[in-house]
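S.K.: Okay, here's the prediction I keep looking at, along with the sequence it came from:
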Amino acid sequence: MASSVASKLFLGAPTTNGSTFRIGSPASDIRKLSSSTLQLPVRPRSKKLQIQAAGNTFGTYFRVTTSGESHGGDVGCTIDGCPPRLPLSESDLQTDLDRRRPGQSRITTPRKETDTCRITSGIYEGLTTGTPIKVTVPNTDQRGHDYKEMSIAYRPSHADATYDLKYGIRAVQGGGRSSARETIGRVAAGAVAKKILKQYAGTEVIAYVSQVHKVELPEGIVDHETLTLEQIESNIVRCPDPEYAEKMIAAIDVIRVRGDSIGGIVTCVVRNAPPGLGSPVFDKLEAELAKAVMSLPATKGFEFGSGFKGTFMTGSEHNDEFYVDELGRIRTRTNRSGGIQGGISNGEIINMRVAFKPTATIGRKQNTVTREKKETELIARGRHDPCVVPRAVPMVEAMVALVLVDQLMAHHAQCNLFPVNPDLQEPVKVPRHSPAEIQS
């Protein structure tokens, strides 16, 4: 499409006879140009093109962008949208990073990293400023030579091949961005989210290992009302039941010495979640949680509330009947809904289960192909978890907390601008802190 537009003279402009106007052109050419109309191509106006980071940012109001690779200089994240004046220090993040770090026991990867974090922006005198918070963790124990064979041949069921298919290039050492070291940024940001949830609404996010391979905790053996972090952290597999924890550890030990791997399930519960989180239709809370936890490496399944077992029940068996408790609150006698109904939290305990596959990188001979499409055999070297679920526990907690704090901010912005309807709604009980508590 071409439009006629009046234009002033410019150096190199074409004249009507096909010549070009230059400094020193005859006055007649100048007069011709000044009295003529210049034809310039004009593209149709289109909608503004919006470009977002390609899958590296999570959240809408509480936004987290992770960065770094397994064998790069460092890994970390940038947190944008954190409320100002939140007491925060590196020690608040380090506790969960220590739970995630490699080399913590014989059933995890032997890679030795302290995963010591450093906050380089967004904090002033111990309080968040409301500006982006940058967290970095150095990589100190890289062994790139372990990946020589993997630069040639693809590991079965790993992201090696799909990264090449998508990008035509990949970081070979450590798997680059497909490495679980990317989750350091998630866990750091999740620690901030957990602190916001705890201080603002008294909300707790806690996860544990409920299954390793064929060793499964019996349903109901763990009391989600009273479960504590100390129970979970009392053993290296992070199962709160000591008897089953020993069975899980034994199962991992057997497979570990064979150079193989196994998977398992992490169960996560949320206590004191404010009612009203989540939005119909496409932003249902369970849909947001599913996307969040399924973005973690090695995840293969997600169950919520009664999950797939609910398909064996009738409606009368599955429905959670309502009652009014001694405080005048509407509650449910059972919790097969998992704390969410219609995509919105109802104030009951939120519970979910996340399935993790066996680690793809194993020390056993496997058939594969090279980047040149030649069939070959591969024995992968490197240091890898024989079972990822013990270290996945803080990762699941982090992603759940990130969803909840994002939804809490959305709910507060939309539904708390005006007074609530006291007949139907309950305001979030904001804890009152003394100055000493705020600074602690």
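M.R.: The structure has been received and is ready for your questions.

S.K.: by contact count, what packs against the helix ranked longest in the chain?
M.R.: If each helix of the chain is counted by residues according to DSSP state H, the longest one is helix 389-415. The criterion is 3 or more C-beta pairs under 8 Å, 6 or more residues apart in numbering; DSSP states H and E, and the helices and strands that helix 389-415 contacts are helix 90-100, helix 183-201, strand 204-212, strand 264-271, helix 285-294, strand 350-356. Heads up, the C-betas are built off the backbone N, CA and C, glycines and all.

S.K.: Which one of those lies nearest to residue 312?
M.R.: Evaluated with C-beta to C-beta, the helices and strands packed on helix 389-415 place strand 350-356 nearest to residue 312, the distance being 16.4 Å.

S.K.: partners of that closest one, with directions?
M.R.: Using DSSP bridges, the neighbouring strands of strand 350-356 in the sheet come out as strand 264-271 (antiparallel), strand 299-304 (antiparallel).

S.K.: next structured bit after the last one?
M.R.: Elements were assigned by DSSP states H and E; along the chain past strand 299-304, the next helix or strand is helix 315-318.

S.K.: what's the offset of the next helix or strand after that next one from the middle of its chain?
M.R.: Beyond helix 315-318 on the C-terminal side, the first helix or strand identified by DSSP H and E is strand 322-324. In terms of C-alpha atoms, centre = their mean, to the nearest Å, the gap separating the centre of strand 322-324 from the centre of its chain is 35 Å.

S.K.: what does stretch 223-235 give?
M.R.: The mean C-alpha position of stretch 223-235 is separated from the chain mean by 23 Å, C-alpha atoms, centre = their mean.

S.K.: now swap in stretch 340-354 and tell me
M.R.: The mean C-alpha position of stretch 340-354 is separated from the chain mean by 19 Å, C-alpha atoms, centre = their mean.

S.K.: Deepest-packed of the strands paired with strand 350-356, please.
M.R.: With neighbours defined by mean count of other C-beta atoms under 10 Å, none of the strands paired with strand 350-356 is more surrounded on average than strand 264-271, at a mean of 23.

S.K.: Contacts made by it with the rest, please.
M.R.: Applying C-beta atoms under 8 Å, 6 or more residues apart in numbering, the contact partners of strand 264-271 are 203-213, 216, 222, 224-225, 227, 248, 293, 339, 349-356, 387-389, 392-393, 396-397, 400, 404.

S.K.: In PyMOL, how would I select the buried members of the residues you listed?
M.R.: To isolate in PyMOL the members of the contacts of strand 264-271 that are buried, counting by 16 or more other C-beta atoms under 10 Å, one can use:
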select buried, resi 203+204+205+206+207+208+209+210+211+212+213+222+224+227+248+293+339+350+351+352+353+354+355+356+387+388+389+392+393+396+397+400+404
